[in-house]
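Student: below: sequence and its predicted model.
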Amino acid sequence: MKVKIKKLHKDATIPTYGTDFSAGLDFTALNVKCHYNDDVSDVYTHYSMSELKYIEYGTGLSIEIPSGHVGLIFPRSSITNKNLILGNSVGVIDSDYRGEVKFRFKKTKQYATDEYKVGEKIGQLLIIPIPKIELEVVEELSDTERGTGAYGSTGK
């Protein structure tokens, strides 16, 4: 599948697969902005976590997700070596979005200084097909062995 990608900045890095069997394309940080309650900075300063809203990494890229598909933004496995968490768990890029691909992270420890640096791989993109769903309102759903068992019900 060919997907169009646009460099918004001359130094942006085109995403690549880490190996021939990788599912996601790795995105690289072009810049970083730290968003505080009353300030935005290019440099992380040791404000309290209550003052730091999020750390945003720009990629300098926009992408044209094909119609009938969605782009899903995930953290890389290297996130386990950082005290960061992707702010929205999984990002969604709809096929009509043409803005810059950005990654927003929240700190998990107040004074940790192990953020991603400009030039490092910061996350990955998976492009997958999505069916158009037509919902049908019914009075009953089919029975299953699990039934209405919820949280943890299959791990007993």
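Tutor: All right, it came through fine. Numbering: from 1, shown residues only.
Student: only C-alpha atoms from now on, for both contacts and neighbour counts.
Tutor: Fine.
Student: which residues touch the residue nearest the centre of the chain?
Tutor: In the chain, the C-alpha nearest the mean C-alpha coordinate belongs to Ile73, at 3.2 Å (C-alpha atoms, centre = their mean). Ile73 sits next to 90-93, 123-126 when contact means C-alpha atoms under 8 Å, 6 or more residues apart in numbering.
Student: by neighbour count, which of the residues you listed wins?
Tutor: Leu125 (25 neighbours; other C-alpha atoms under 10 Å).
Student: beta partners for that residue?
Tutor: Judged by DSSP bridges, the bridge partners of Leu125 are Leu25, Ile73.
Student: I'd like the numbering to begin with 44 instead of 1 from here.
Tutor: In the new count, where the first residue is 44, that last one comes out as Leu168.
Student: hmm, it is touching Thr71, no?
Tutor: No: judged on C-alpha atoms under 8 Å, Leu168 makes no contact with Thr71 at a distance of 11.2 Å.
Student: any idea how far Ile176 is from the residue of the chain positioned farthest from its centre?
Tutor: In the chain, Glu182 marks the outermost C-alpha relative to the chain mean, sitting 37.6 Å out by C-alpha atoms, centre = their mean. Going from Glu182 to Ile176 by C-alpha to C-alpha, to the nearest Å gives 19 Å.
Student: and the strands in this protein?
Tutor: 47-50, 59-60, 68-71, 74-79, 83-84, 95-107, 112-117, 127-129, 134-136, 143-150, 164-172 (DSSP state E).
Student: so for Asp157, which of those strands sits nearest?
Tutor: Closest to Asp157 of the strands of the chain is strand 127-129 (C-alpha to C-alpha; 8.4 Å).
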